[in-house]
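> sequence? don't have it. structure:
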């Protein structure tokens, strides 16, 4: 009994196989090019295990259609990646693999990985953000994703510009939304260099922390989760968490009592593996539901 994971990112795909205990036995990655080329590699990888494969979990870049009664369920929809617009992802897999296939966003998959195995293990309410080239968020309550007519687009919440920040934001839709002000490209546009080349004591990080703290503040008042997890490349700057903690406590101003700050606003314990483990856990969940 094997389970498959497809972490479909805008830059690369990561595919993995795990045993019934969700221990990874093989993993590959390849660049995200066009569907014909990339999906051919995906299918070739899983065909090796076709007789033992029980289910596949997919976490995809988006936007995607998550409604199972929709004609375009399983599609990547209005993505900026033109070759992938209106691509029937799940349908393409189903032509080869007649097994349960779970379908969610890449950030939801990462959230589920942390919920099952990481910082959210044993908790009932988890919110996860990835802060990198873009910003996305996923929320889980009692093992269910929080979503309605579509999946959340938390990365586009509006934020109040920092008083020392003259940057207007680079989101083409909203300007000074969280992604427009705090994602990796915003840091580079503001500072003139990539985040990994900016020293920890540069004032740009206090500005960045203020936007991440606003995100945590909004999340706290909207969901009151047990934990808020910030992953992605930007949060690999280890000094960021403490800066976010300070800015968050100033913003919240003791309005509500949260869990202890160092246990409440955290980085992922699974690091870059959160999405893969989330997809595997969703695949096993789907298999158990069917059987």
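Received, thanks. Please read these numbers as outputs of a predicted model, since none were measured by experiment. Numbers count the residues shown, from 1 in each chain.

> domain assignment for this protein?
The chain resolves into domains spanning 2-109+272-290, 123-268 when parsed by automatic domain parsing.

> for the shortest one, how far is the first residue from the last?
Right, the one you point to is domain 2-109+272-290. By CA to CA, to the nearest Å, the extent of domain 2-109+272-290 from end to end equals 15 Å.

> closest to residue 115 out of the domains of the chain?
Nearest to residue 115 among the domains of the chain is domain 123-268 (4.7 Å), distances taken as CB to CB. Glycine gets a C-beta too; all of them are placed from N, C-alpha and C.

> OK, contacts around residue 221?
By CB atoms under 8 Å, 6 or more residues apart in numbering, residue 221 lies in contact with 255, 256.

> That one looks like it's in a helix, true?
Yes. Counting by DSSP: H, G, I helix; E, B strand; the rest coil, one finds residue 221 located in a helix.

> Stretch 71-90: which residues count as buried?
74, 75, 76, 79, 84, 87, 88, 89, 90 (16 or more other CB atoms under 10 Å).

> if you go through the stretch 1-150 of the chain in chain order, where are the strands?
Assigned by DSSP state E, counting those that start in this stretch, the strands in the stretch 1-150 of the chain fall at 2-8, 12-18, 24-31, 53-60, 75-76, 87-88, 101-105, 125-131, 135-141, 144-145.

> Which one of these lies nearest to residue 213?
Here strand 125-131 is closest among the strands of the stretch 1-150 of the chain (CB to CB), at 12.1 Å.

> what angle separates the closest one from strand 135-141?
170 degrees (axes from the mean of the first three to the mean of the last three CA atoms, to 10 degrees).

> tell me which strands and helices strand 125-131 is in contact with?
helix 106-117, strand 135-141, helix 204-223, strand 227-231 (3 or more CB pairs under 8 Å, 6 or more residues apart in numbering; DSSP states H and E).

> So what's the residue count around residue 70?
When neighbours are defined as other CB atoms under 10 Å, residue 70 has 10 of them.

> Distance check, it against residue 131.
30 Å (CB to CB, to the nearest Å).

> and residue 34, what is it in contact with?
If you count contacts by CB under 8 Å, 6+ apart, residue 34 has them with 83, 84.

> And it, how close does it get to residue 284?
According to CB to CB, residue 34 stands 31 Å off from residue 284.

> follow-up on the earlier one: nearest to residue 41, out of the strands of the stretch 1-150 of the chain?
Nearest to residue 41, of those and by CB to CB, is strand 24-31 at 5.2 Å.

> tell me which residues of that closest one are tucked away?
By neighbour count with 16+ other CB under 10 Å, strand 24-31 contains no buried residues.

> cool, stretch 140-155 as well?
140, 145, 146, 151, 152, 153, 154, 155.

> Let me know the closest of those residues to residue 44.
Closest approach to residue 44 among the buried residues of stretch 140-155 (CB to CB): residue 151, at 28.8 Å.

> Wait, residue 283 touches residue 100, no?
Yes. The pair residue 283 / residue 100 is scored as a contact, 7.4 Å apart, by CB atoms under 8 Å.

> between those two, what contacts are shared?
Contacts common to residue 283 and residue 100, judged by CB under 8 Å, 6+ apart, are 54, 55, 56.

> Residue 283 and residue 100: which is more packed in?
Between residue 283 and residue 100, residue 283 has the larger neighbour count (other CB under 10 Å), namely 27 against 20.

> how much space is there between that one and residue 102?
Applying CB to CB to residue 283 and residue 102 gives a distance of 6 Å.

> any chance of the shared contacts of residue 283 and residue 100 in TSV, with distance to residue 27 too?
Formatted as TSV, the shared contacts of residue 283 and residue 100 follow (distance: CB to CB, whole Å):
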residue	distance to residue 27
54	18
55	17
56	14
